[in-house]
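Visitor: Fold the following.
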Amino acid sequence: MVQPYAPAQRYQGQDKALLEKRHTLYQAACQARPERWRNATRNWSWQNEVQLNPDRVIEPKTSEELQAA
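Guide: Next up is the predicted model:
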C-alpha cells in the first residue's frame, strides 16, 4: 500500500508522525459523523518496507549482465 507521504518525508523521519496525525484525524471524523463511515478506517500503521509494485518480481542481474549494460 502506498502511504500518504512523500519519499522525502520518509527519508527525513517525518512519516511516523504524519501517520499518527492522519489516524487521529480520521478517528475524530468517524466519531463526529458516524453515519458516513460504514467500515473502519484504513490501516494507518507504519510499514518498515514500502514497495510500489509488490506483485512484480524483479530478478537480480548477474555480474555479466551488469558489465554488458
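Visitor: State the number of residues packed around D15.
Guide: Residue neighbour count, defined by other Cβ atoms under 10 Å, stands at 20 for D15. Quick note: C-beta positions are derived from backbone N, CA and C, even for glycine.
Visitor: same question, R33
Guide: Other residues close to R33 by other Cβ under 10 Å number 9.
Visitor: now it: how far from K16?
Guide: 27 Å (Cβ to Cβ, to the nearest Å).
Visitor: Where does pLDDT dip in this protein?
Guide: Low-confidence segments of the chain (pLDDT under 70): 1-3, 50, 54, 69.
Visitor: Which parts of it are helices?
Guide: Here the chain has its helices, by DSSP state H, at 7-11, 15-32, 63-68.
Visitor: which of those sits most buried?
Guide: Mean neighbours per residue, mean count of other Cβ atoms under 10 Å, is largest over those for helix 15-32, with a mean of 13.
Visitor: hang on, the earlier thing: how about CSV for the helices of the chain, with distance to T41 added?
Guide: Below are those laid out as CSV (distance: least, Cβ to Cβ, whole Å):
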stretch, distance to T41
helix 7-11, 20
helix 15-32, 4
helix 63-68, 44
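Visitor: my read: H23 touches R42, true?
Guide: No: look at H23 against R42 with Cβ atoms under 8 Å: they stay out of range, at 9.2 Å.
Visitor: Select, out of the helices of the chain, the one closest to N53.
Guide: Ranking those by proximity to N53 (Cβ to Cβ) places helix 7-11 first, at 15.1 Å.
Visitor: wait, what's in contact with the closest residue in space to E20 that isn't next to it in sequence?
Guide: Of all residues not flanking E20 in the chain, W44 sits nearest, at 7.7 Å (Cβ to Cβ, 6 or more residues apart in numbering). Neighbouring residues of W44 by Cβ atoms under 8 Å, 6 or more residues apart in numbering: 19-20, 22-23, 26.
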